[in-house]
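**Student:** this is a predicted model, with the sequence first.
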Amino acid sequence: MTATISAVCVLLSGLQTADVGFFEKKIRPVLIEHCYSCHSAESGKSRGSLRVDTREALLKGGDSGAALIPGQPQKSLLIEALKYHGEVKMPPKGRLPDAVVADFESWIKSGAVDPRVEVAVKSKSKIPTVEEGRLFWSFQPPQAHPVPAVKQKDWGTNEIDAFLLAALEAKGLKPAPDADPQTLIRRLSFDLTGLPPTPEETAAFEKAAQSSLPKAMEDAVDRLLKSPRFGERWGRHWLDVARFGESLTLRGFILKDAWRYRDYVIDAFNSDLPLDRFIREQIAGDLLDARTLIEKRRGIVATTFLALGNNNLEEQDGKQLRMDAIDEQLDTLGRAFLGQTIGCARCHDHKFDPIPTRDYYALAGILKNARSLDKNGNIAKWIEVPLPSMTGNDEDVRKHDALVAEVKQQIDALKAVVAKNDAKKPKITMVPVAAVPGIVVDDEQAMRVGEWKSSAFGGTFVGKGYVHDENKGQGEKTLTFEAILPRSGKYEVRFAYSPGTNRADQVPVTVFSEEGERRSWSTNGRLPPSTVCSFRWGSFSSRRPGRRT
């Protein structure tokens, strides 16, 4: 599998970029739907001497000049027309949505990548048959070629070397000298593991090469292929193809179990998993027959391949999100396993490849039955599948999960009862001094005897705070509240406090007035006050305004 997968990775390195994919999904369909009927070779029309069916035509422009300037959307006439800012307004039937115009601005700003080239259009495009499609160069099977004759007979060890040497001799070149053993072991180590050899490994290889270099090479390759570092080095190429990531760009959602797929790929390389099995497991590993529990777990983990797409989980149109996710999966399948793009067929038949739109949606129908996202609410989420227990006690796990679910239901029921009881309790909140009628003296204005602790508790009291004695020196500390009476009359005395289980059940209170000194006990501080944060102590009369009481 190693050589085969590596070859696939090399093939994929030359495929379309993300910019081309953006053009195919966001730009080309709009041009076809709204512009081609009046500005394309296929329609036979080029109003205003403008065509938009190739990149060259857009750069050339029409009567008004170039339609676009790559990298400068603000100077591109195409954007001006789409925004309805100038004399020319396109399309004439109505302005396109802002999101579509923004896509065109992004496209031009990033360089206006456009794979369309000028072709001779004789008639409507025809979908090639399978037989015709097989004639396209990329679908031609490998052909056997005779080993070329070379002049330097003593160079090379196999038929591949003969092809290399023939190409060199055709250019009048000679092969470079053979590398020394130290260079060879470094090349082997870096190629297979990405790491340099240790001094001990280098010395051992040089010693073995003195007896037989081919045998030393063979042994070194076998040793490096058995290293766990081999899978780590070469597995990363497949992870790039599979668009592996441990988070999604949008909102930074974390794929906390993505590491399992990473380890699966590394283990596949290290265990020399057959390529056909490697492909099947990633597409339908959860449906394959498994001989062991380890194989079953591996198959489920492998299907993470289909769920790694960086999809817009906040797409509010559930059907649109579903089909966008399927399109991303199909595009990845085509690039990874077929070595070509098939996502273009979402909007139009391929001109050269035998991939009609009907085949695209036939594949999409299959993937529509493979659910990877759950759209429930404003933000979708990928579906998580529990792995079979390695201990084989799945039944015990299910019983445990059922018990946990039952306990959670009981907790929710109790929370509902508590909330209902809390709703019956009087609501006690902090009251600002200005909101309290009458003459208010806060703790901060009180004269203190002894050590009192100020509290910043923001719950149930009047004013900015309150003080307490820290449950020390009872009877030795006092607080004196002086009130200046504005007029003659009868005054009622109230005390505000914050109730709590650690409060005193009795606090001595003495009131000095014209009527004399009256001493009594306050209410139980452990119980909520009768009115807003306070309880009524009693009343007294005064005939002299301005008197401190």
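**Tutor:** Cool, the structure landed. Since the structure is predicted, the reported quantities are computational estimates derived from the model, not experimental observations.
**Student:** which residues of this structure score low on pLDDT?
**Tutor:** 1-18, 118-128, 249-251, 352, 390-394, 422-431, 456-465, 521-525, 529-537, 544-549 (pLDDT under 70).
**Student:** care to break it down by domain?
**Tutor:** 17-114, 242-382, 392-424, 433-542 (automatic domain parsing).
**Student:** which one of the ones you listed lies nearest to residue 142?
**Tutor:** Nearest of the domains of the chain to residue 142, taken as CB to CB: domain 242-382 at 13.5 Å. Every residue, glycine included, has its C-beta placed from N, CA and C.
**Student:** rewinding a little: tabulate the domains of the chain (a markdown table), appending distance to residue 208 and mean neighbour count.
**Tutor:** Below are the domains of the chain laid out as a markdown table (distance: least, CB to CB, whole Å; neighbours: other CB atoms under 10 Å):
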| stretch | distance to residue 208 | mean neighbour count |
| --- | --- | --- |
| domain 17-114 | 45 | 17 |
| domain 242-382 | 24 | 17 |
| domain 392-424 | 46 | 10 |
| domain 433-542 | 77 | 14 |
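**Student:** could I get the ones you listed as CSV with distance to residue 216?
**Tutor:** Below are the domains of the chain laid out as CSV (distance: least, CB to CB, whole Å):
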stretch, distance to residue 216
domain 17-114, 42
domain 242-382, 23
domain 392-424, 46
domain 433-542, 77
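**Student:** wait, which of those is closest to residue 198?
**Tutor:** The closest of the domains of the chain to residue 198 is domain 242-382. By CB to CB, the value is 20.0 Å.
**Student:** surely residue 541 meets residue 518?
**Tutor:** No - counting by CB atoms under 8 Å, residue 541 does not reach residue 518; the two are 12.0 Å apart.
**Student:** the nearest residue to residue 232 once chain neighbours are set aside and residue 496: what is the separation?
**Tutor:** Ranked by CB to CB, 6 or more residues apart in numbering and with sequence neighbours excluded, the top spatial neighbour of residue 232 is residue 266, at 5.6 Å. Going from residue 266 to residue 496 by CB to CB, to the nearest Å gives 68 Å.
**Student:** repeat for residue 117
**Tutor:** Taking CB to CB, one finds residue 117 at 84 Å from residue 496.
**Student:** and if you look at residue 435?
**Tutor:** Noted for residue 435: a distance of 12 Å to residue 496, by CB to CB.
**Student:** could you do residue 221 as well?
**Tutor:** Distance, residue 221 to residue 496, by CB to CB: 86 Å.
**Student:** with residue 308 instead?
**Tutor:** From residue 308 to residue 496 the distance is 61 Å (CB to CB).
**Student:** where do the helices sit along the stretch 301-450 of the chain?
**Tutor:** Secondary structure of the stretch 301-450 of the chain by DSSP state H, counting those that start in this stretch: the helices cover 304-307, 318-333, 357-368, 394-424.
**Student:** distance between the longest one and the chain's centre?
**Tutor:** Here the centre of mass of C-alpha atoms in helix 394-424, compared against the chain's by CA atoms, centre = their mean, to the nearest Å, lies 32 Å away.
**Student:** same check on the shortest one?
**Tutor:** Averaging C-alpha positions (CA atoms, centre = their mean) puts helix 304-307 14 Å from its chain's average.
**Student:** which residues does that helix contact?
**Tutor:** When contacts are defined by CB atoms under 8 Å, 6 or more residues apart in numbering, helix 304-307 is touched by residues 242, 257-258, 260-261, 264, 282-283, 329, 332, 367, 370, 372-373, 382-383.
**Student:** try it again with 7 Å
**Tutor:** By CB atoms under 7 Å, 6 or more residues apart in numbering, the surrounding residues in contact with helix 304-307 are 242, 258, 260-261, 282, 329, 370, 372, 382.
**Student:** just those now: which is nearest residue 344?
**Tutor:** Set against residue 344, the nearest of the contacts of helix 304-307 by CB to CB is residue 329 (15.1 Å).
**Student:** for this structure, which segments are assigned as strands?
**Tutor:** In the chain, the segments counted as strands under DSSP state E are 39-40, 45-46, 373-374, 381-382, 447-449, 453-455, 466-468, 478-480, 489-496, 508-513, 516-521, 534-542.
**Student:** partner strands of the fourth one and their direction?
**Tutor:** Based on DSSP bridges, the strands next to strand 381-382 in the sheet, each with its direction, are strand 373-374 (antiparallel).
**Student:** hang on, the earlier thing: now the strands of the chain as JSON lines including distance to residue 339?
**Tutor:** Output for the strands of the chain, formatted as JSON lines (distance: least, CB to CB, whole Å):
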{"stretch": "strand 39-40", "distance to residue 339": "30"}
{"stretch": "strand 45-46", "distance to residue 339": "36"}
{"stretch": "strand 373-374", "distance to residue 339": "27"}
{"stretch": "strand 381-382", "distance to residue 339": "27"}
{"stretch": "strand 447-449", "distance to residue 339": "86"}
{"stretch": "strand 453-455", "distance to residue 339": "73"}
{"stretch": "strand 466-468", "distance to residue 339": "76"}
{"stretch": "strand 478-480", "distance to residue 339": "86"}
{"stretch": "strand 489-496", "distance to residue 339": "80"}
{"stretch": "strand 508-513", "distance to residue 339": "91"}
{"stretch": "strand 516-521", "distance to residue 339": "91"}
{"stretch": "strand 534-542", "distance to residue 339": "82"}
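**Student:** for residue 75, find the nearest of the ones you listed.
**Tutor:** Here strand 39-40 is closest among these (CB to CB), at 20.1 Å.
**Student:** that closest one pairs with which strands?
**Tutor:** Here strand 39-40 is paired, per DSSP bridges, with strand 45-46 (antiparallel).
**Student:** related to what we said a few turns ago, any chance of a markdown table for the helices of the stretch 301-450 of the chain, columns distance to residue 77?
**Tutor:** Formatted as a markdown table, the helices of the stretch 301-450 of the chain follow (distance: least, CB to CB, whole Å):
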| stretch | distance to residue 77 |
| --- | --- |
| helix 304-307 | 43 |
| helix 318-333 | 31 |
| helix 357-368 | 32 |
| helix 394-424 | 62 |
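**Student:** out of these, which gets nearest to residue 27?
**Tutor:** helix 318-333 (15.5 Å).
**Student:** now do the closest one: which elements does it pack against?
**Tutor:** Under the contact criterion of 3 or more CB pairs under 7 Å, 6 or more residues apart in numbering; DSSP states H and E, helix 318-333 touches helix 357-368.
**Student:** relative to helix 318-333, how tilted is the helix it packs on?
**Tutor:** Helix 357-368 and helix 318-333 meet at an angle of 100 degrees, taking axes from the mean of the first three to the mean of the last three CA atoms, to 10 degrees as the criterion.
**Student:** tell me who's in contact with the most centrally placed residue in the chain.
**Tutor:** Residue closest to the mean C-alpha point of the chain, counted by CA atoms, centre = their mean, is residue 248 at 1.4 Å. Residues counted as contacts of residue 248 (CB under 7 Å, 6+ apart) are 310, 313.
**Student:** one more time with 8 Å
**Tutor:** Residues in contact with residue 248 (CB under 8 Å, 6+ apart) are 255, 310-311, 313.
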